[in-house]
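*Asks:* Here is my input; please provide its structure:
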Amino acid sequence: MLKAIFPTLGRFRLFVQVAMLLLTVYGSNVVGFYMAEKVSNALPALSCAYDQQNGAYCVLIPTQHQLHHRIGEALVKAQEITVQMFLPLLFTLLTFFTFFFVLSKAFCGWVCPLGTIQELINKLGRKLNMPLRRFENGSVSKVRPVKWLMLLVLVLALPLLTGLGVTPHSLGNPFCDVCPSRIVTTLLTGSTEQMALRTGDGIAFTLGAIANTMAGFILVAAFAVRQPFCRICPLLSFNAVFQRLSPMRLVKKQHDKCDKCGICAKACPMDIHEIAREHGSKAYHEDCTLCGRCAEFCPDDDVIQMKWGPIPLFKSSREYYKQRMKGEMPDGTLKIVTAPRKLAAGAEDNA
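*Replies:* Numbers count the residues shown, from 1 in each chain. Next up is the predicted model:
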């Protein structure tokens, strides 16, 4: 029954993404403020619009606040490193991990509303025949450290330094102040409040200006670049720290054709070129969002799998690959070729 409704994993994922976009933007109107606060405090995905009455939009926000108000201020008062300091942060991480244990980084590829919006805009760009810009192996390796820098500086270091009194109070939660999800997702609710700039504080004004600029840039860039913000999102790096602790993961077997094929790398929206060259645990890269496209476009049986522990949730197959290509070709025909270069070109057209 499910296969009849969703003939491809990609369509099923798009359905889940759209459903989660509606849930994470408008869901708090159904469950109420109390439940919205509890859920959004630990959700491993950017969901600023879910709980508009609270600053805890995702796990990064209470992490910043607790580093700022709990750990930093406790250290500046020369208190001992006690349970009183770290217990709130510990509970934040434990509740985050409760979510994360189930789906791991699939929260990025299947749930995050900003990720869904970027994908929908990119699909529109493809419909309008806009050129698709890719990151080659050299350029993507230069972009990857940015997400770790944003995590270390904006999410961890600056809030802690603010709590210690080293940096101004306006830098207490700097990532939230520049995060494009805060603006983009709340605009879907009809609220423009998050776009307003605070003119009374120079730092707050600068952060707000950066946020507005980044949100606009991300929305425009998404027409030609797949997942532009996801590549530098600190939540992706935050999730990557814990990715081995969840049974949900990507598994790739070694195959003789992989060095000559490369279709999976071309299908990857995050331009993870390693997926074509590596196997085993190395194939599950820090940038992977578990979207499953590499498994969808792998033309060989059981080479790439999405697994939850020992249970295979989806695995590549030759027959599925043929149907996937047939379903996405603009002319509706199925092109069966054997040359790896032609296969890769076909997958790139449909990625």
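*Asks:* Could you use CA atoms for every contact and neighbour count after this?
*Replies:* Will do.
*Asks:* Contacts only, for the nearest residue to Pro113 once chain neighbours are set aside.
*Replies:* Leaving aside its chain neighbours, Pro113 sits nearest to Leu21 (4.7 Å; criterion: CA to CA, 6 or more residues apart in numbering). The contact partners of Leu21, taken as CA atoms under 8 Å, 6 or more residues apart in numbering, are 111-113, 116.
*Asks:* can you list the domain ranges for this structure.
*Replies:* 2-237, 247-350 (automatic domain parsing).
*Asks:* Output those domains in TSV, with mean pLDDT appended to each entry.
*Replies:* Rendered in TSV, the data for these read as follows (pLDDT from 0 to 100):
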stretch	mean pLDDT
domain 2-237	87
domain 247-350	79
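*Asks:* And His169, how far from Ile203?
*Replies:* Look at His169 and Ile203: by CA to CA, to the nearest Å, they are 9 Å apart.
*Asks:* I should have written Ala295 there, sorry.
*Replies:* When Ala295 is compared with Ile203 (using CA to CA), they lie 45 Å apart.
*Asks:* and these two? which has more neighbours close in?
*Replies:* When Ala295 and Ile203 are compared for neighbours, Ala295 comes out ahead with 30 against 16, by other CA atoms under 10 Å.
*Asks:* need the contact list for the nearest residue to Gln305 once chain neighbours are set aside.
*Replies:* Taking CA to CA, 6+ apart, and ignoring the residues beside it in sequence, Gln305 has Lys315 as its nearest neighbour in space, at 4.1 Å. Lys315 sits next to 295-296, 301-306 when contact means CA under 8 Å, 6+ apart.
*Asks:* What are the neighbouring residues in contact with Leu60?
*Replies:* Shown here is Leu60, whose contacts under the criterion CA under 8 Å, 6+ apart are 155, 235.
*Asks:* now the one 3 residues further on
*Replies:* Thr63 sits next to 89, 92, 155-156 when contact means CA under 8 Å, 6+ apart.
*Asks:* What segments of the stretch 51-200 of the chain are helices?
*Replies:* Under the criterion DSSP state H, counting those that start in this stretch, the stretch 51-200 of the chain contains helices at 60-65, 73-76, 83-103, 106, 113-127, 137-150, 158-163, 174-178, 180-187.
*Asks:* Format those as JSON lines; extra columns: distance to Ala196.
*Replies:* Shown next, in JSON lines, are the helices of the stretch 51-200 of the chain (distance: least, CA to CA, whole Å):
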{"stretch": "helix 60-65", "distance to Ala196": "20"}
{"stretch": "helix 73-76", "distance to Ala196": "29"}
{"stretch": "helix 83-103", "distance to Ala196": "29"}
{"stretch": "helix 106", "distance to Ala196": "32"}
{"stretch": "helix 113-127", "distance to Ala196": "20"}
{"stretch": "helix 137-150", "distance to Ala196": "23"}
{"stretch": "helix 158-163", "distance to Ala196": "22"}
{"stretch": "helix 174-178", "distance to Ala196": "11"}
{"stretch": "helix 180-187", "distance to Ala196": "10"}
